[in-house]
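Enquirer: dropping a prediction and its sequence here:
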Amino acid sequence: MASTIHDQMAAAGKVKRSKYLPQGVERLKEEHRKVVKDCRSQFEHWKKVENDYESLQERLRTLPDKLSYDIMVPFGPLAFMPGKLVHTNELTVLLGDNWFAKCSAKQADALVEHRKKHVKNTLDDLQKVMKNFQNRADFTDDLEKLTGDTGDFVDIREEVINEEEVTKAKHRLAHKANSKPKQEYLLDLEEDKEKKEGDEEGTTGVLSEEELWARLDELERQEELQDERYRYTRLDSTDTNGEDTTSSSEEEKEADGGSDVQVNGHQKENGWVPTSITSQMNGTNGSHPEDEEEEDCDEEAGNGLPTIYFSHTAEFKKVRINTGKNTTLKFSERNEQKAQAKRKKKSGKSNGHSPHESYKITSPADIYRVFVDLVNGEPIPRKSILKSRSRENSVCSDTSESSTADFEERRAAFGRSWSHDDATHSDTSDGITEEESPTGTSPHTNGCFEAFTSTVIEKDPLPCSIPHLTIAPPALPTIPERKLEEVGPEAPQEPPKWMSKFKATRLHQK
Amino acid sequence: MAEAIHKKLQSELEKYQQMQKDVSKSMTSRQKLEAQLTENNIVKEELALLDSQNTVYKLIGPVLVKQDLDEAKATVSKRLEYINGEIQRYETLLKELERKSEQHREVLSSLQQEYQRAQGQAVGKV
């Protein structure tokens, strides 16, 4: 019976707004009611039994008080006779199954107690069953209301256009198909050196096919990833997850997750771009898309149920790696700054000085970003906002603005165009992470979001990082043109960020 | 042709119904055994509560026959084992019957389809 009810429930659940729904639900409710009624009647019965036993026990306790009682003895079916009840302590008890036992009143009392225990157990089971079925009945009621578009239920839907945007959790390597992160990174590096433009995805794909048939799939996947990132950078609103992250394992996992997701997203390429643009535009049109998740609430009577359409906007992936005393900020904050710089550039056309935005604290990470110590003119994050490394130097400043300003200056010094800002940001700020993966990082980090973000900036040895800046530009001669054409950063800078953290450290140490 | 199929269908249907009856019979007997099982369990426990001073009787027909407490305990245990064995037997029987009835159901459905097709053809012909 339970199975049939289950089937009915399943049926009722699957069917939505069809003519079977009311019938199914009615039938289900009928079954529920029947079960509940049965339970109730049985419950009544056993309760009566228990009461009987209680009174019996009372009688047993009082019976041996007197040696004999004067009673009216039933004489046949219709008559009584006065008589005496003797041997008041001797009882013949039916044990069950045609077994009898002679025992005293006290022993009989014990037996009755034992039986009462059984009755109690049965009663408890009945209660549980009743409650269970009552819950099921209530659930079917709710289900009916839900599908019948009545009541206070609201359907909240989120249109997922690109899987990557949804990917919040860090994907474990084992669960991802074809996950070979390190190989990907290395391959990406090779590709970076070979190819310059993201538009060359087709050519790169061709090349990979030609070159390494065995690695065909991976390379193509990377191509797709690059393309994804390229598109991201163009749109300047989403961030890719992961490819940039190198040092920590979780970062790698995230990278894998992002790369895989991007692959998936890329596979729907044709239809993806326009939809993604619109979705991302929706995201960016809101305030502070990087830091917040936006909710687009559209009440629609879509499926007969008021529906709220919800869309996540990209949030930067902020990962902290422990490198001894200081912790390093992953690209996230830099990307944030880059994105802000890009936006500023797009909107304000400012030259090298991004206008100071009122520092807005929207997430705990912002606190760390805003409250920093200025040491030697460089913003260093405090380990705790309640403490400061050097009290006299502690300054509450918006590091993003100041750092962007600094970085932009440096950028100008190197003669790079605006859009190279991101590269410098990442280079100067991160000690371990991808120095050569600048612009790509920011848009890509936009794509993923995390529930917890924390940003800590490590005091980077600037001189060490600067050479990287010089290294990077020569490798990408065509970048400026493309950047001028397109809004966001260019693909060529994307490849560098594929570098694994070990390689990055090696380069860093050079 | 349709008639032949119809007859076959009828016979299969009857067989299936017979099977269903067997299944339900086994079910009821098994339920009875379950009740007996619980009862004997209670008797066993209650016998454990008694001591040898109490006399135990067994009702055989209209007669209460005196029994030894230990004997009674042994008898009840044996009966319990017997009941358990019976339940096992009925379990397997039930499963077998279920399987057969399932097969029969499939046969029945296929026959039904055939019959409907044949009927359709007959209608078409007519």
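Expert: Done, it's in. Small disclaimer: the values here were computed from a predicted structure and weren't measured.
Enquirer: contacts and neighbour counts: CA atoms only from here.
Expert: OK.
Enquirer: so which bits of chain B are right by chain A?
Expert: Residues of chain B lying close to chain A by C-alpha under 8 Å from any C-alpha of the partner chain are B:36, B:39-40, B:42-43, B:46-47, B:49-50, B:54-60.
Enquirer: mind doing that once more with 7 Å?
Expert: Contact residues (C-alpha under 7 Å from any C-alpha of the partner chain) of chain B with chain A: B:Glu39, B:Asn40, B:Val43, B:Glu46, B:Asn54, B:Thr55, B:Val56, B:Tyr57, B:Lys58, B:Leu59.
Enquirer: mind checking which of those are buried?
Expert: Buried members of the residues of chain B next to chain A, scored by 16 or more other C-alpha atoms under 10 Å in any protein chain shown, are B:Glu39, B:Asn40, B:Val43, B:Glu46, B:Asn54, B:Thr55, B:Val56, B:Tyr57, B:Lys58.
Enquirer: which one of these is nearest to A:Gln226?
Expert: B:Glu39 (74.5 Å; C-alpha to C-alpha).
Enquirer: now that closest one. Nearest residue, chain neighbours left out?
Expert: Counting by C-alpha to C-alpha, 6 or more residues apart in numbering or on different chains, B:Glu39 lies nearest to A:Gly96, which is 6.3 Å off, once chain neighbours are set aside.
Enquirer: which stretches of the chain have low pLDDT?
Expert: Picking chain A for this. For chain A, the stretches with pLDDT under 70 are A:1-21, A:148-153, A:162-212, A:232-306, A:313-359, A:372-497.
Enquirer: I was thinking of chain B, sorry if that wasn't clear
Expert: Segments of chain B classed as low confidence (criterion: pLDDT under 70) are B:126.
Enquirer: show me what from chain A comes close to chain B.
Expert: Near chain B, when you scan chain A using C-alpha under 7 Å from any C-alpha, you find A:Leu95, A:Gly96, A:Asp97, A:Asn98, A:Trp99, A:Phe100, A:Ala101, A:Lys102, A:Cys103, A:Leu111.
Enquirer: burial of the residue nearest to B:Glu39, as a residue count?
Expert: Using other C-alpha atoms under 10 Å in any protein chain shown, A:Gly96 has 16 other residues around it.
Enquirer: do the same with the one 5 residues further on
Expert: A:Ala101 sits with 22 neighbouring residues when counted by other C-alpha under 10 Å.
Enquirer: A:Gln134 now?
Expert: As a burial measure, A:Gln134 scores 16 neighbours (other C-alpha under 10 Å).
Enquirer: does it belong to a helix, a strand or coil?
Expert: Secondary structure, DSSP: H, G, I helix; E, B strand; the rest coil: A:Gln134 is helix.
Enquirer: ok, it - contacts?
Expert: When contacts are counted by C-alpha atoms under 7 Å, 6 or more residues apart in numbering or on different chains, A:Gln134 touches A:Val36.
Enquirer: tell me the contacts of the residue most central in space within chain B?
Expert: With distances taken as C-alpha atoms, centre = their mean, the residue of chain B nearest its centroid is B:Ser26 (1.2 Å). By C-alpha under 7 Å, 6+ apart, the contact list for B:Ser26 reads B:Tyr90, B:Leu94.
Enquirer: please repeat the previous calculation with a cut-off of 10 Å.
Expert: Counting by C-alpha atoms under 10 Å, 6 or more residues apart in numbering or on different chains, B:Ser26 touches B:Gln20, B:Lys32, B:Tyr90, B:Glu91, B:Leu93, B:Leu94, B:Leu97.
Enquirer: alright, I will stop here.
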